[in-house]
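> make a model of this:
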Amino acid sequence: MNERRNFLIAVIYGLWSLIALALAVPAAIYLLLPPRARKRQEWVDAAGLGELETGVPREVVFRRSRQDGWKVVSEKSVAWVVKLGGNRVVAYAPQCTHLGCAYHWDDTRDVFLCPCHSSTFSLDGRVLSGPAPRALDRYELRLEKDRLLLGAVRRSGEPS
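Numbering: from 1, shown residues only. The predicted structure follows:
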């Protein structure tokens, strides 16, 4: 009788061990192994060159995929795009370099204006006034045929 009892206790402990192992292995993988970061640069089609007027800033809305842990999230992004002439184009990130507020183009003054702290930026992204410490950040960009493709945002002052 004692042998049977010991055998059944061993079976129960063995099953508990298997269940604990089945739960612990995925939990350990989740906690200890981070998801692989994407190495490739993602270029997003933002606008056509024919849609842009020379010297007139235009707010362009596009969708970008971003990896959040193991999940890929599609989110709306914005860029201020200015066609400078010919095929020269610049695309600014939509946040003020002071505190990250959203700025807009002020037609009456011909400046980008941050309404929160009154920073102003010229058409080429330079700081004209206000507490903003540096020029507007820019998107990396590529032109393919007549389409504008946007990449990562580069802080102003960083090498491309």
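
> list of residues touching the longest strand belonging to the chain?
When the chain is scanned for its longest strand (criterion: DSSP state E), the result is strand 71-85. With contacts defined as Cβ atoms under 8 Å, 6 or more residues apart in numbering, strand 71-85 is touched by 44, 46-47, 49, 52-67, 89-94, 105, 112, 123, 136, 139, 148, 150. The way it works is simple: take the backbone N, C-alpha and C, and place the C-beta from them, glycine included.

> and it, how far from the chain's centre?
9 Å (Cα atoms, centre = their mean, to the nearest Å).

> one more: stretch 27-34?
25 Å.

> do stretch 138-146 as well
17 Å.

> residues in contact with it?
The contact list for stretch 138-146, computed with Cβ under 8 Å, 6+ apart, reads 41, 43, 48-50, 79, 87, 89-93, 125, 148-154, 156, 160.

> looks like A93 contacts A135 (just checking).
No. Under the criterion of Cβ atoms under 8 Å, A93 makes no contact with A135, lying 10.9 Å away.

> grab the nearest non-local neighbour of the residue minimising distance to the centre of the chain.
The centroid of the chain falls nearest to R66 when counting by Cα atoms, centre = their mean (6.4 Å). Here the nearest residue to R66 in space, its sequence neighbours aside, is V73; by Cβ to Cβ, 6 or more residues apart in numbering that works out to 5.2 Å.

> count residues in the vicinity of the one you found, would you?
10 (other Cβ atoms under 10 Å).

> that one and A152: what is the separation?
Taking Cβ to Cβ, to the nearest Å as the measure, V73 and A152 are separated by 16 Å.

> give me the pLDDT for A46.
Here, the pLDDT recorded for A46 equals 86.

> gap between it and V25?
The value you get for A46 to V25, if Cβ to Cβ is used, is 43 Å.

> now swap in V60 and tell me
Distance, V60 to V25, using Cβ to Cβ: 46 Å.
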